[in-house]
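Trainee: For reference, the sequence and a predicted model appear below.
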Amino acid sequence: MFQPKPLVTALAFAFSGLAMAQQSTPTKVLDEVVVSDSRLRSQFTGQRLTAPQIEHLRAATSDTASLLTEVPGVGMYAAGGVSSLPVIHGLADDRLRVMIDGMDLVASCPNHMNPPLSYIDPTQIESLQVHAGVAPVSVAGDSIGGSIVVRSKEPVFAQPGAGLLTTGEAGTFYRSNGNAQGFNLNATLATENFSVSYSGATAQAQNYSAAKDFKTTTASGRPGHTLGLDEVGSSAYKTSNHSLGMAMRGGNHLFEVKLGYQDLPYQLYPNQRMDMLDNIAKRGSLRYAGQYDWGKLEARIYREEVQHFMDFGVDKQYSYGTLNNLSNAAIKYPVNGMPMYTSSATNGFTLQGDFNLNDTDLLRVGALLQTYRLNDWWPPAPDCGVGNCIGGMAPLTFWNINNGQRERKAVFAEWDAKWNAQWSSLVGLRVENVTTDSDDISGYNSMAVPGASMVSGMGIAMGTMYAGSSVGASPNGRTAFNALDRKRSDTNWDFSAMTSYRHDAGFNAQFGFARKTRSPNLYERYSWSTNTMAMVMNNFVGDGNGYVGNPDLKPEVAHTLSVSGDWHSADREYQLVVTPYFTRVNDYIDAKRTYPGSTAANATAVKSFVRLQYVNQEARLYGLDVAGKMPLAQGSMGQFGLRGQISYVNGENVDTGDGLYNIMPLTAKATLTHRYGGWNNALEVLGVQGKQDVSNVRNEIATGSYALLNLRTSYTWSTVRLDLGVENLLDRMYYLPTGGAYVGQGMTMSITGMPWGTVTPGMGRSLYAGLNVKF
């Protein structure tokens, strides 16, 4: 729970800001209400993708994270079909701050199957803003790699005297590979001062296919169910996201209520041993935004509740032998599935004020309060009734995280200054306290009970599961973990300093330095069992390995330096941007194979999946981003242009000399564009270098180089847009460098039940079409 003393300063600031809101006189009427999550002046707004810039991708993907690949230096870890994890300069997932409409949402799953970006469909987005590496402290906090700010559509109001406004759009799409299809609807009913809007989107797909056969077996582990040799098992999904917004404005003030709901019946995972078979999320937020003589004020409170369920999907083995009746060994109970439940609740409050000190200086101050509660439990499998069966995954509930608690309290201030026509600067400081804790845990059973009959090849003694599991130096994991004082309190501070220099109309540059801090998440600190089966169920990165937490993990601290040069024509039709960067991370959370209870064989294993514990070490990353564009020709056949980007990152564990996991190799993309009347066409070439620098501690698998050709075209009438395209036009076979290990079918509960050595392949040729109508 929140403690009152640390809140005094933040609450005093909040109430003083609200008092000023009541006393100040509005300066103008807000004809358009556009209050973004970042109001940075000068050149410190990061890279922004607006709705028109991502329209051409909406028919091609239902995965919001994939839209970010339009930004140099940004990639994604492959995961579920709508739940890829964003990566900025080699740092991913929780190392990034991701805000959806000003809300810090949290992945509530031991496999991070429900990351923040999975809760908003590409058709619901107004803009995406990316701050790579050096980010202002107003959008940073509890992150080291950068920040992603996502805004859905702002409320729309009728013009004065225009009467009732009704507007909206509807769309649909189809993609041939995986038989993907979906629909979207946005509608608004508004007067001059009141607006009601609805936004909804659905998407579903079957398993996709690679360009060629990539495996040697069709078996799924389920009788009568087989998969094609080119079929990527466990890649199907079905999801729907809905949002209802109500807004009222008066003068310079806006009040908005927004409700969100996600119903995701299934999202299967080719690089995880479990599948998401239900995810229900409910969100509500209340926002106030106002403009005053002295500047701007914005406040928001929000709550999100998540109910999450995992088990083996249709492409993975479901039955794992039998358990004995407690009193009669002749009675057998089948072990069908492994139910895993997660529930969480997030409450947040943010407050930000922009104070115009004069015509050239702005002071931005703010505060954040957030509580997060998590329960992660695995009921007995099968459900044979408490006390009726024993051994293996019975007769008790296994608590992976019991009443996990994570609280954030932060304040920040930053000074945005324009010194003259050439020089601008932004300097900020952020102080944040992160407190984590969890309650006592328990396993499936309290002692070894022999006699559990399992299928051969499981590789684990289910009858003795969790007896003797260890954490720390204790021979008994539960006893040692429960005896710990598990509460941890981290006082973190961030600093950023950026300078922008405008030499002339054709060149400007930015220089930046940042110190940023991230505290470990609950799974990194409090997942406790070193039983192999339990460990492989705790895995964020999809490498097929097993992980156990470390309550003594320290926060990661990153120091980043970046320089950016921007050469361009006066009209910016010609542009070249080059950005080198360097990051050193102290107490980087990596992994080690040796821990109490680990084996000598695990420490030296090659070409196999292994068991790991999170550990603090030192890391170093450096890289280069290049982006450019230029016109080629203009005439009776329309306008031709060329766009391109190059991204390179190198990551190393300084302590061990090992490569960091899931680092994307050198990537280049060139796009030939053509516009003629309502036509907008693009031919894109994507080239990726082979990946040989891998994480050896994880036995990460190398990948080869590849090149893909994508073709897109669209035609726009006044209110209608038609999109057509072909992804992977030449049907090239390739493996995803950050796709993780393929474990999409078969005996996935066992660490040895799936063969090591296959990376999740990319999608073969796919034709798509999309239609969108505005009304």
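Mentor: Thanks, I have the structure now.
Trainee: My read is that residue 751 contacts residue 534, right?
Mentor: No - if you go by Cβ atoms under 8 Å, residue 751 and residue 534 don't touch, sitting 10.8 Å apart. Using the backbone N, CA and C atoms, a C-beta is placed for each residue, glycine as well.
Trainee: Settle it for me: which of these two has more neighbours?
Mentor: Higher neighbour count among residue 751 and residue 534: residue 534, with 26 against 23, using other Cβ atoms under 10 Å.
Trainee: okay, now residue 618: neighbour count?
Mentor: 15.
Trainee: need the next SSE after the longest strand anywhere in the chain, C-terminal direction.
Mentor: Under DSSP state E, the strand in the chain containing the largest number of residues is strand 611-635. Sequence-wise, the next helix or strand downstream of strand 611-635 (DSSP states H and E) is strand 638-653.
Trainee: Show me what counts as buried in the helix or strand following that next one.
Mentor: As assigned by DSSP H and E, the chain's next helix or strand after strand 638-653 is strand 667-676. For strand 667-676, burial by neighbour count (16 or more other Cβ atoms under 10 Å) applies to 667-669, 671, 673-674.
Trainee: Could you export these as a markdown table, including distance to residue 50 and pLDDT?
Mentor: What follows is the buried residues of strand 667-676, written out as a markdown table (distance: Cβ to Cβ, whole Å; pLDDT from 0 to 100):
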| residue | distance to residue 50 | pLDDT |
| --- | --- | --- |
| 667 | 24 | 98 |
| 668 | 25 | 98 |
| 669 | 20 | 98 |
| 671 | 18 | 98 |
| 673 | 17 | 97 |
| 674 | 21 | 98 |
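Trainee: After the helix or strand of the chain with the lowest mean pLDDT, which helix or strand is next?
Mentor: The element with the least model confidence among the helices and strands of the chain, by mean pLDDT, DSSP states H and E, is helix 8-23, at a mean of 37. Per DSSP H and E, the first helix or strand lying C-terminal to helix 8-23 is strand 47-50.
Trainee: buried residues in that next one?
Mentor: If you call a residue buried by 16+ other Cβ under 10 Å, then strand 47-50 has these buried ones: 47, 49.
Trainee: Give me the sheet partners of the helix or strand harbouring residue 335 and which way each runs.
Mentor: Assignment of secondary structure by DSSP H and E places residue 335 within strand 332-336. Strand partners for strand 332-336, identified by DSSP bridges, are recorded as strand 319-325 (antiparallel).
Trainee: buried stuff in the strand it pairs with?
Mentor: Within strand 319-325, the residues that qualify as buried are 320-325, counting by 16+ other Cβ under 10 Å.
Trainee: For the stretch 1-150 of the chain, just list every one of the strands.
Mentor: Here the stretch 1-150 of the chain has its strands, by DSSP state E, counting those that start in this stretch, at 47-50, 74-77, 85-88, 91-92, 96-100, 103-104, 125-132, 146-152.
Trainee: list the helices and strands the third one packs on?
Mentor: Based on contacts counted as 3 or more Cβ pairs under 8 Å, 6 or more residues apart in numbering; DSSP states H and E, the elements that strand 85-88 packs against are strand 74-77, strand 96-100, strand 146-152.
Trainee: Output these as CSV; include the columns distance to residue 407.
Mentor: Formatted as CSV, the helices and strands packed on strand 85-88 follow (distance: least, Cβ to Cβ, whole Å):
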stretch, distance to residue 407
strand 74-77, 27
strand 96-100, 16
strand 146-152, 20
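Trainee: closest one to residue 134 among the ones you listed?
Mentor: strand 146-152 (8.3 Å; Cβ to Cβ).
Trainee: Could you quantify the relative orientation of the closest one and strand 96-100 as an angle?
Mentor: Angle between the axes of strand 146-152 and strand 96-100 is 10 degrees (criterion: axes from the mean of the first three to the mean of the last three Cα atoms, to 10 degrees).
Trainee: contact partners of strand 146-152?
Mentor: 36-38, 46, 64, 68, 86, 88-89, 91, 96-101, 117, 120, 124-133, 135, 139-140, 199, 243, 258 (Cβ atoms under 8 Å, 6 or more residues apart in numbering).
Trainee: Quick one, which of those are buried?
Mentor: 36-38, 46, 64, 68, 86, 88-89, 91, 96-101, 117, 120, 124-125, 127-133, 135, 139-140, 199, 243, 258.
Trainee: can you pull out the strands in the stretch 251-400 of the chain?
Mentor: Ranges of strands in the stretch 251-400 of the chain, per DSSP E, counting those that start in this stretch, are 253-267, 275-292, 295-311, 319-325, 332-336, 340-356, 361-378, 389-390, 398-418.
Trainee: Tell me which of those sits nearest to residue 741.
Mentor: Using Cβ to Cβ, the strands of the stretch 251-400 of the chain put strand 275-292 closest to residue 741, at 15.4 Å.
Trainee: can you pull the buried residues of that closest one?
Mentor: 275-277, 279, 281, 283-285, 287-292.
Trainee: can you check stretch 428-444 too?
Mentor: 428-430, 432-438, 441-444.
Trainee: swap in stretch 353-369?
Mentor: 353-354, 362, 364-369.
Trainee: Tell me the one of those nearest residue 424?
Mentor: Out of the buried residues of stretch 353-369, the member with the shortest distance to residue 424 (by Cβ to Cβ) is residue 362, at 10.8 Å.
Trainee: how far away is that closest one from residue 510?
Mentor: 18 Å (Cβ to Cβ, to the nearest Å).
Trainee: A strand includes residue 524, no?
Mentor: No - if the criterion is DSSP: H, G, I helix; E, B strand; the rest coil, then residue 524 is helix and not within a strand.
Trainee: Use 13 as the first number from now on
Mentor: From this message on, residue numbering opens at 13, which makes the last subject residue 536.
Trainee: How many neighbouring residues does it have?
Mentor: Neighbour count of residue 536, defined by other Cβ under 10 Å: 20.
Trainee: For the closest residue in space to it that isn't next to it in sequence, list the residues it contacts.
Mentor: Among residues not flanking residue 536 along the chain, residue 626 sits closest, at 5.0 Å (Cβ to Cβ, 6 or more residues apart in numbering). Residues in contact with residue 626 (Cβ under 8 Å, 6+ apart) are 532, 536, 559-562, 565, 601-603.
Trainee: Out of those, which sit inside helices?
Mentor: Applying DSSP state H to the contacts of residue 626, the entries found in helices are residue 536.
Trainee: Could you pick out the buried ones from the contacts of residue 626?
Mentor: With burial judged by 16+ other Cβ under 10 Å, the buried subset of the contacts of residue 626 is 532, 536, 559-562, 565, 601-603.
Trainee: with those residues in mind, which one is nearest to residue 659?
Mentor: The nearest one, if we look at the buried ones among the contacts of residue 626 relative to residue 659 and count by Cβ to Cβ, is residue 602, at 22.6 Å.
Trainee: need the contact list for the closest one.
Mentor: Contacts of residue 602 (Cβ under 8 Å, 6+ apart): 626-629, 631, 665, 668, 672-673, 709.
Trainee: about what we covered before: of the buried residues of stretch 365-381, closest to residue 346?
Mentor: residue 381 (48.0 Å).
Trainee: Any idea what residue 503 is bridged to?
Mentor: residue 445.
Trainee: OK, contacts around it?
Mentor: If you count contacts by Cβ under 8 Å, 6+ apart, residue 503 has them with 443-445.
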